[in-house]
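**Q** Just the structure for this:
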Amino acid sequence: QPTHMSIEVEASDVVRVVLQFLSENKLNASLAALQKESGISLNATDSVDRLTADVLAGRWDAVLTAVAPMSLPRGLLSELYEQVVVELLELREPDTARQMLRGAAPLLAMKAHEPKRHARLEALAARPYFEARDAYDGGVTRESRRSSIAEGLRAEVAAVPPARLLTLLGHALKWQRQQGMLPPEGTKFDVLAGGAARRLVEREAYVSVAGPVIKFGKKSHAECAAFSPDGAFLVSGSIDGFLEVWDFERGKLRLDLPYQESDQLMMHDAAVLSLGFSRDSELLASGSQDGVLKVWRPRTGQCVRRFPKAHAGGVTCVAFARDGLSVATGSFDALVRVHGLKSGKSLKEMRGHTSYVNGVDWSADGSRLASASSDGSVRVWDAKSCDCLHSFRPPAPTGAELAVNSATFLPNSSDALLVCNRSAEAFVTSLSGDITTRLASGKREGGDFIASMVTAQGGWVHAVAEDGFLYSFDLGKGELGHLLKARELPEKQPRTSRDLVERATGPA
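**A** Presented below is the predicted three-dimensional model:
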């Protein structure tokens with residue numbers, strides 16, 4: 001048995017809803033243009049009874065305003081406008097009646113198709129007096145003519161509630177909120193984009209204030225954390241296997257998501273080591289200590305794909321391809337793999353590292369993958385052939401072999417990397433390892449970087465050091481722009497650079 005039924009909506013009905021919105025908001029030029037282009041008219045009002053009552057009472061200004069956007073039969077329009085002219089003459093307003101005879105479109109159509117009928121009205125308007133027996137033939141009265149027009153309109157015009165467009169949108173958004181598909185209350189929502197409204201693109205700056213503290217239980221701590229690209233979600237992964245979505249402005253668990261309110265949290269059977277969002281923020285990938293990769297819809301808490309044997313060791317890093325159809329992972333098993341969401345299978349494997357893979361990232365065009373390892377190297381891979389195109393070791397003091405925490409492509413770039421190892425410098429390099437920019441903490445002790453990340457527009461690099469400070473570098477100038485005491489860093493530190501920066505500072 002089907003669990004739901006689809007409802008088909010005619011395109012013409014959609015146009016009519018838009019026409020009603022234009023009419024109610026007095027956007028008459030847009031209304032006329034849409035009616036002309038679509039060939040669809042808005043023969044509707046919020047109350048047919050009120051319209052017919054206006055006709056029967058002779059409130060012609062209200063009637064003509066109501067029928068103006070409608071497409072009514074020519075005969076009915078002729079009858080309506082003829083009665084208006086007659087009653088104007090009865091009220092001793094011949095000038096207004098003549099103006100209508102010579103300017104109103106239905107009366108001009110009458111002149112073209114029924115010239116005798118139009119000429120009769122012209123003759124009545126030319127008289128210095130009004131005679132009811134001349135205006136109404138065959139015993140017809142003013143009241144019977146009004147009644148005939150009212151019945152004609154009742155047959156042609158539909159009654160629809162006002163503001164249907166806004167009402168339908170409201171119902172849809174209410175349902176989406178019930179399903180956990182909307183950002184938190186108070187977040188400005190972009191109806192067209194279907195997500196949190198994008199902030200105006202402003203000039204990027206350093207982080208000036210640390211975010212709120214998110215506290216875990218005594219037997220739990222976060223291993224990783226990630227913000228969604230649209231800013232709607234902050235998700236943490238903890239040692240007890242839970243994935244939790246937070247209100248990052250208050251540091252509280254988001255209970256507007258039904259699955260979290262009912263304590264049906266996203267979870268793994270082992271510690272969650274890595275998190276990563278798709279570019280559209282609709283999907284979340286999580287990797288755990290037991291080698292399992294899961295893909296979720298964070299708005300609903302639904303697990304849409306599970307890879308039970310993504311790696312033989314813990315999944316230390318995850319990254320969605322730009323098209324959202326595959327996920328790259330790195331692991332304690334020293335491998336980089338690519339997994340297909342449609343097939344549910346591991347599609348590709350890159351071998352070459354000799355120790356843990358700590359970070360993985362896609363180039364802007366999707367043709368390259370970069371990986372960072374505890375073996376002290378960065379490798380750049382061909383995403384299709386899995387060939388290693390480049391391998392290099394970032395500088396280390398006194399020739400020591402230092403673990404590389406991350407190698408991240410700069411935004412919208414396929415040939416520049418931000419590389420962070422456990423030293424007092426982070427580097428912007430070419431794919432072959434040539435250093436173009438050095439970003440240094442300037443400290444001999446306590447200034448070794450644990451983690452780094454680049455801002456969305458590529459203007460700033462944020463790095464957290466062992467001393468608990470957040471170093472913000474102006475990438476254009478290649479110099480330190482700001483220093484912020486972020487947090488007392490935990491003894492057990494997150495495994496990826498982005499995790500630590502996000503835990504330490506909150507949203508940039």
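**Q** Now stretch 332-342: buried residues?
**A** Phe332, Asp333, Ala334, Leu335, Val336, Arg337, Val338, His339, Gly340, Leu341 (16 or more other Cβ atoms under 10 Å). C-betas here are computed from N, CA, C, even on glycine.
**Q** The residue nearest to the first one when sequence neighbours are not counted: neighbouring residues, count only.
**A** Closest residue to Phe332 in three dimensions, ignoring its sequence neighbours and counting by Cβ to Cβ, 6 or more residues apart in numbering: Gly313, at 3.2 Å. Gly313 is surrounded by 18 other residues when neighbours are defined as other Cβ atoms under 10 Å.
**Q** same question, Asp49
**A** By other Cβ under 10 Å, 10 other residues sit near Asp49.
**Q** need the contact list for it.
**A** Counting by Cβ atoms under 8 Å, 6 or more residues apart in numbering, Asp49 touches Ala159.
**Q** Going by secondary structure, it is in what exactly?
**A** If you go by DSSP states H and E, Asp49 is part of helix 48-57.
**Q** contacts for the lengthiest helix in the chain?
**A** Across the chain, the longest stretch assigned as helix under DSSP state H is helix 74-90. The contact list for helix 74-90 (Cβ under 8 Å, 6+ apart) reads 58, 60, 63-64, 67, 94, 96-97, 100-101, 104, 106-107, 109-110, 113-114, 117, 121, 124-125, 130, 132, 135-136, 142, 145-146, 148-149, 152-153, 156.
**Q** now swap in stretch 430-438 and tell me
**A** 368, 370, 378, 380, 389-390, 392-395, 415-417, 425-429, 475, 478.
**Q** Give me the buried entries from these.
**A** Those of the contacts of stretch 430-438 that meet the buried threshold are 368, 370, 378, 380, 390, 392, 394, 416-417, 425-429, 475, by 16+ other Cβ under 10 Å.
**Q** From the contact counts, what lies against the helix or strand where Arg16 lies?
**A** Assessed by DSSP H and E, Arg16 sits inside helix 11-24. Counting by 3 or more Cβ pairs under 8 Å, 6 or more residues apart in numbering; DSSP states H and E, the packing neighbours recorded for helix 11-24 are helix 28-38, helix 164-178.
**Q** Helices of the protein, start to end?
**A** 11-24, 28-38, 48-57, 60-67, 74-90, 94-103, 105-113, 115-126, 132-135, 142-156, 164-178, 258-261, 497-505.
**Q** re earlier: check the helices and strands packed on helix 11-24 for me: which has the lowest mean pLDDT.
**A** Lowest mean pLDDT of these: helix 164-178, a mean of 84.
**Q** Report the buried residues of stretch 299-312.
**A** Neighbour-count burial for stretch 299-312 flags Arg299, Gly301, Arg305, Phe307, Ala310, His311 (criterion: 16+ other Cβ under 10 Å).
**Q** Let me know the closest of these to Ser30.
**A** Arg299 (34.0 Å; Cβ to Cβ).
**Q** from memory that closest one sits against Asp256, does it?
**A** No - using Cβ atoms under 8 Å, Arg299 is not in contact with Asp256; the gap is 10.6 Å.
**Q** the strands in the stretch 351-500 of the chain, which residues?
**A** Ranges of strands within the stretch 351-500 of the chain are 357-362, 368-373, 378-382, 388-392, 404-409, 416-421, 425-430, 435-440, 449-454, 460-465, 469-474, 479-485, based on DSSP state E, counting those that start in this stretch.
**Q** For the fifth one, which helices and strands make contact with it?
**A** Spelled out, that is strand 404-409. Judged by 3+ Cβ pairs under 8 Å, 6+ apart, strand 404-409 is in contact with strand 357-362, strand 368-373, strand 416-421, strand 449-454, helix 497-505.
**Q** Report the distance from the longest helix of the chain to the chain centre.
**A** 52 Å (Cα atoms, centre = their mean, to the nearest Å).
**Q** pLDDT averaged over that helix, what's the number?
**A** On average, helix 74-90 scores 95.
**Q** could you check the angle helix 105-113 makes with it?
**A** For helix 74-90 against helix 105-113, the angle by axes from the mean of the first three to the mean of the last three Cα atoms, to 10 degrees is 110 degrees.
**Q** relative orientation of helix 74-90 and helix 115-126 in degrees?
**A** Comparing the axes of helix 74-90 and helix 115-126 via the same axes, to 10 degrees yields an angle of 20 degrees.
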